[in-house]
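S.K.: give the three-dimensional model of this entry:
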Amino acid sequence: MTILFAIGLLSGFGFLCTILDLKLFDKGIPDDKVVLILIPILNLLLLAGLVSIMIMTKTVNFSNDLITVNYVFRLKKITYNVSELIGFNWDTLTGPADYKRITLWFDSNKKLRFSDFEIGNFYEIESYLLDKYRICTIGGRKATDKQIETSLKNSKEIDLTQIKRIKYIMYFLWALIGFIFYQAILDLLKNSGLQKHNLILISISIFALILSIMKFINENKRKKIIISSAQHRI
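M.R.: Just a heads-up that it's a prediction; the model follows:
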């Protein structure tokens with residue numbers, strides 16, 4: 001969900017600019033043109049993020065007999081029989097951070113796909129599958145030892161690449177937060193006090209900064225676990 005965090009901050013900034021008619025620049029670029037160009041883009045990003053959340057967010061639960069998939073915002077539930085599960089493999093869901101995705105293969109060519117963008121306990125499920133089920137190839141065909149070794153290596157590479165891109169997103173967020181703080185300082189020097197919209201932006205930015213630092217620390221811990229784990233189990 002890292003990219004949604006970035007989109008949310010950007011869109012919140014754009015929304016406040018729209019409501020409060022915030023002037024981004026005092027000189028150099030006409031404010032009306034900045035608002036006309038920037039705000040629709042930010043609001044479209046917000047809309048895209050909300051639609052993605054509504055369509056894709058789900059929970060996946062395993063019991064002795066069933067695998068239950070709940071689409072949180074669509075009020076939809078699908079069940080699969082555990083006895084029909086053949087195995088699983090990995091690929092990526094392309095995006096700014098290239099989300100890691102697992103495909104479960106069942107009898108009769110049925111499959112279930114979910115990524116770490118869609119569910120919060122993705123890595124717990126991944127560890128569970130590694131303990132209980134076998135890695136297979138596309139279509140649920142039996143994988144050779146060499147193919148299993150390659151799949152584990154690819155899984156590790158996906159995670160490390162994703163962590164790197166998440167950090168780039170964090171750097172971008174911090175740059176944006178720095179810009180907001182800079183604007184607030186200018187406002188403070190100019191008006192001998194912060195205007196209401198700057199107080200709101202600073203509050204949002206401080207909250208976002210805390211969350212992003214926590215995310216950054218967690219990703220560093222995750223990287224250490226991945227590198228030190230011979231079997232790549234998180």
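S.K.: check what pLDDT Ile177 gets.
M.R.: Looking at Ile177, its pLDDT reads 83.
S.K.: for Ile225, give me the pLDDT.
M.R.: pLDDT recorded at Ile225 is 85.
S.K.: below-threshold pLDDT in the protein: ranges please.
M.R.: For the chain, residues meeting the criterion pLDDT under 70 lie at 1-50, 52-53, 95-97, 192-198, 229-234.
S.K.: and the helices in it, which stretches?
M.R.: 2-20, 31-56, 122-132, 145-191, 196-228 (DSSP state H).
S.K.: do I have it right that Gly87 meets Lys132?
M.R.: No - using CB atoms under 8 Å, Gly87 is not in contact with Lys132, being 10.3 Å away. C-beta here means a position set from N, CA and C on the backbone, and glycine is covered the same way.
S.K.: so if I had to pick from those two, which one is more boxed in?
M.R.: Higher neighbour count among Gly87 and Lys132: Gly87, with 18 against 11, using other CB atoms under 10 Å.
S.K.: just list whatever residues bridge to the closest residue to the more buried one other than its chain neighbours.
M.R.: Computed as CB to CB, 6 or more residues apart in numbering, the closest residue to Gly87 that is not its neighbour in sequence is Cys136, at 3.3 Å. Legend: beta-bridge partners of Cys136 under DSSP bridges are Lys142.
S.K.: what's the neighbour count on Cys136?
M.R.: By the criterion of other CB under 10 Å, Cys136 has 20 neighbours.
S.K.: who's in contact with it?
M.R.: When contacts are counted by CB atoms under 8 Å, 6 or more residues apart in numbering, Cys136 touches 86-89, 105, 142-143.
S.K.: grab the nearest non-local neighbour of Arg134.
M.R.: Using CB to CB, 6+ apart, the nearest residue to Arg134 is Gly87, at 4.5 Å.
S.K.: many thanks, I have nothing further to ask.
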